[in-house]
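Q: Sharing a model prediction with you, sequence too.
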Amino acid sequence: MNNSPFSLSGKTALVTGGSRGIGLAIAKALAENGADVAILARDKKRLAAAKKQLRCKKAWTFAYDLEKTERIEKIFNAIVKETGGIDILVNCAGATIRAKAEDITTESFENIMNINLTAVLKISQAFCRHHIKTGEGGKIINIGSLMCHGARPTTAAYAASKGGLLMLTKSLAVEWAKYGINVNAAGPGYIATELTKPLREDKKFNKWVISKTPLGRWGQPEDIAATAVFLASPASDFITGQIIYIDGGWLAAL
Ligand code: GCO
């Protein structure tokens, strides 16, 4: 038995948004550190391809659109039944829209809030009820953003959802500590994913990101994964309600 405080052996993790980008990098890292891993996303083909990259004894895929928040508890309970239980929940599924604040429609704002915030609450509630039943502790890791902390023009809906996610993380941490559930967040800076592809292809924007990042590069999904492993592991048992920014130094700079 691996006695390292970073070991996840014997644990089962569920990663939403786990079929690509940051979510897939986290799923792979959790597997490499001993966890069995379930990934949930919308696209069955992407899920099948992602599962082949998971180096763990047992891996599962679940296709579901978390925007349909009314069925999340049912889906989570089915996942628990199939996997035998979920010890670690990584909430990575998310979306963004880029539009002038004055142009944001109610529908698009509500869609972003639904996937980035309401869905996280619903699946975390299901996770909590599962752990109240088992009496065992667990770990929730929410994937935030620099926009838990600050905003830029055209991202009001996304930034509002990520600001809310940080306060939801802190709220659940203080309420669910009594159940032995740690709730923390990882805050990626500008990371090279499909979500940010249009930004990387914009020379002016790309120059701005590099100028604001002391380490002088875009992050990679793998840069986020190690922090998620730490927050999923016993090494972080006395940490809850925190956010760790993996931002290349962005927030440290004036
Ligand atoms: C944007 C980007 C950001 C990044 C990330 C930064 O439109 O500025 O999409 O939102 O994705 O969240 O931490």
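A: Cool, got the structure.
Q: where does residue 1 land on pLDDT?
A: We have a pLDDT of 53 for residue 1.
Q: Stretch 189-205 near the ligand anywhere?
A: Yes: Stretch 189-205 reaches the ligand (CB under 6 Å from any ligand atom) through 189, 190, 195, 196, 199. Where you see a C-beta, it was placed from the backbone N, CA and C, and this is true even at glycine.
Q: who in this protein is up against the ligand?
A: 96, 98, 145-147, 152, 155, 158, 188-190, 195-196, 199.
Q: Just put those residues in a markdown table and tack on secondary structure.
A: Converted to a markdown table, the residues of the chain next to the ligand look like this (DSSP: H, G, I helix; E, B strand; the rest coil):
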| residue | secondary structure |
| --- | --- |
| 96 | coil |
| 98 | coil |
| 145 | coil |
| 146 | helix |
| 147 | helix |
| 152 | coil |
| 155 | coil |
| 158 | helix |
| 188 | strand |
| 189 | coil |
| 190 | coil |
| 195 | helix |
| 196 | helix |
| 199 | helix |
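Q: ok, and the most crowded of the residues you listed?
A: Neighbour tally across the residues of the chain next to the ligand (other CB atoms under 10 Å): the maximum, 28 neighbours, falls on residue 145.
Q: ok, and the closest non-adjacent residue to that one?
A: residue 162 (4.4 Å; CB to CB, 6 or more residues apart in numbering).
Q: Pick out the residue closest to the middle of this protein.
A: Residue closest to the mean C-alpha point of the chain, counted by CA atoms, centre = their mean, is residue 92 at 2.6 Å.
Q: mind listing the strands for the stretch 101-250 of the chain?
A: Secondary structure of the stretch 101-250 of the chain (DSSP state E, counting those that start in this stretch): strands at 138-143, 181-188, 243-246.
Q: Tell me what angle the second one forms with strand 138-143.
A: Right, the one you point to is strand 181-188. 20 degrees (axes from the mean of the first three to the mean of the last three CA atoms, to 10 degrees).
Q: and strand 181-188, which strands flank it?
A: Strand 181-188 pairs in its sheet with strand 138-143 (parallel), strand 243-246 (parallel), by DSSP bridges.
Q: Now mean neighbour count, mean pLDDT and distance to residue 220 too, for these, in TSV please.
A: Listed next are these as TSV, based on neighbours: other CB atoms under 10 Å; pLDDT from 0 to 100; distance: least, CB to CB, whole Å:
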stretch	mean neighbour count	mean pLDDT	distance to residue 220
strand 138-143	26	98	15
strand 243-246	19	98	10
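Q: so which of these comes closest to residue 6?
A: Closest approach to residue 6 among the strands paired with strand 181-188 (CB to CB): strand 138-143, 12.8 Å.
Q: would a markdown table of the strands of the stretch 101-250 of the chain with distance to residue 211 be doable?
A: Shown next, in a markdown table, are those (distance: least, CB to CB, whole Å):
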| stretch | distance to residue 211 |
| --- | --- |
| strand 138-143 | 25 |
| strand 181-188 | 18 |
| strand 243-246 | 18 |
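Q: So for residue 37, which of those sits nearest?
A: The nearest among the strands of the stretch 101-250 of the chain, by CB to CB, is strand 138-143 at 13.2 Å.
Q: quick one: which two of the residues of stretch 189-205 next to the ligand are the most distant?
A: Across those (CB to CB), the longest gap, 13.0 Å, separates 189 and 195.
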